[in-house]
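K.L.:
A structural model of the following input is requested.
(2 chains)
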Amino acid sequence: MATALAAGVSPAGGLVATGVITEEEAGWPPGARQAALDSLSDGELTVLAGDRLQALGKVLRRQEQDQAQTEKIWENLG
Amino acid sequence: MIETLQWTTLAICAAIAVARIPSTFRGENRSLFGIFAMMTLAILLSIQEPYLVIDGALGGLNLANLLLRFVIFGAIFFLGIRISRGFDAKEAYWFITGRVGISVLAVISAVMVVLFFLMDTDGSSAGLTGVVGTDPWNSALLEYYGAAGRAYPAYVALTLLPAMLRALASRLPGLIRAAAALLALGAMATALTLSFPLIPPNLGQIEFIINYTAVLCFVLGLALIWAARVVNGRKPRARRTSTET
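P.N.:
As a prediction, the model looks like this:
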């Protein structure tokens, strides 16, 4: 779900993609996940996965930096 | 109305100073207690009744006013150090504790002391109102003395302002950003005190309001950061994992 959010799709998309719920439960046409995967080549899939991971990495890094800054503020002013 | 504002500010500031005593004994940011205690003393010295008592003990020459200026300088100096370190404002830290900052403090202090002793300051009165009489030389000295006393806090406030505005626009937790907003407001009010000579004497109340706005904003801003830490400390601090985002 975190990945789905970082990628800008609905959280339900993440659940379907990881197989937690079925496509029918999320209201997708049957076989949509497999069809979407099949329509992309291995290269495209890998690049796509890389992009999504990078986006998630940026979000996490920013959160870590904000957390460190907050800790520093508390350390000095708390 | 001014009296209410003064006593309310004094009560708030004193209450926070007292509330910080336990954490001071635990060794958490001792200088913050010092800052609140100095601010409490400064407010006490700006109110007529306590001023008369303290100045009376110091000989009735308004030495308490000079003391007040240095208490404010001390409070704003340590406040500047704490805030600039906490908010990672390296340039502000340098402008306060670096060679320039210390020179500014030394020059302003020296000028202030010289002007004070050049003035005829007989007859206790908080804020030196009505002390100088109609003598043009004496009132000119008072004008410059007042300006020197406002210059250093305004200098520190201006060095801190950019970092406060940056924090306000950041993605830090809401309470921290609210605190940064209050500190920014306090810094702006402090900088605004530089314009006091331009305010006509019949609007003298505005000066009081700006002064106390500055003090209240700084005090409440610091208290808010402290509160945010206390609130955070109560929550179990499990390490966040990526699936919790």
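K.L.:
can you tell me the helix or strand for residue B:51?
P.N.:
In this assignment (DSSP states H and E), residue B:51 forms part of helix B:48-57.
K.L.:
kindly export the following helix or strand past that helix (C-alpha atoms) in CSV.
P.N.:
Later in the chain than helix B:48-57, the nearest helix or strand by DSSP H and E is helix B:63-86. Written as CSV, here are the backbone C-alpha positions of helix B:63-86 (Å, rounded to 0.1, in the frame of the first residue of the first chain):
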residue,chain,number,x,y,z
LEU,B,63,20.2,51.7,37.2
ALA,B,64,17.5,49.1,37.1
ASN,B,65,16.7,50.3,33.6
LEU,B,66,20.3,49.7,32.5
LEU,B,67,20.0,46.3,34.2
LEU,B,68,16.8,45.6,32.3
ARG,B,69,18.5,46.3,28.9
PHE,B,70,21.3,43.8,29.7
VAL,B,71,18.9,41.2,31.0
ILE,B,72,17.1,41.5,27.6
PHE,B,73,20.4,41.3,25.7
GLY,B,74,21.4,38.2,27.7
ALA,B,75,18.0,36.5,27.1
ILE,B,76,18.0,37.2,23.4
PHE,B,77,21.6,36.1,23.0
PHE,B,78,21.0,32.7,24.5
LEU,B,79,17.6,32.4,22.8
GLY,B,80,19.3,33.1,19.5
ILE,B,81,21.9,30.4,20.1
ARG,B,82,19.3,27.8,21.1
ILE,B,83,16.9,28.6,18.2
SER,B,84,19.6,28.8,15.6
ARG,B,85,21.1,25.5,16.7
GLY,B,86,17.8,23.8,17.0
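K.L.:
and helix B:63-86, what does it pack onto?
P.N.:
helix A:42-77, helix B:30-46, helix B:48-57, helix B:90-97, helix B:99-118, helix B:136-168, helix B:204-234 (3 or more Cβ pairs under 8 Å, 6 or more residues apart in numbering or on different chains; DSSP states H and E). From N, CA and C alone the C-beta is placed, and that goes for glycine too.
K.L.:
pick the most deeply packed of those helices.
P.N.:
helix B:30-46 (a mean of 21; mean count of other Cβ atoms under 10 Å in any protein chain shown).
K.L.:
that one close to chain A?
P.N.:
Yes. Applying Cβ under 8 Å from any Cβ of the partner chain, one finds helix B:30-46 in contact with chain A at residue B:32.
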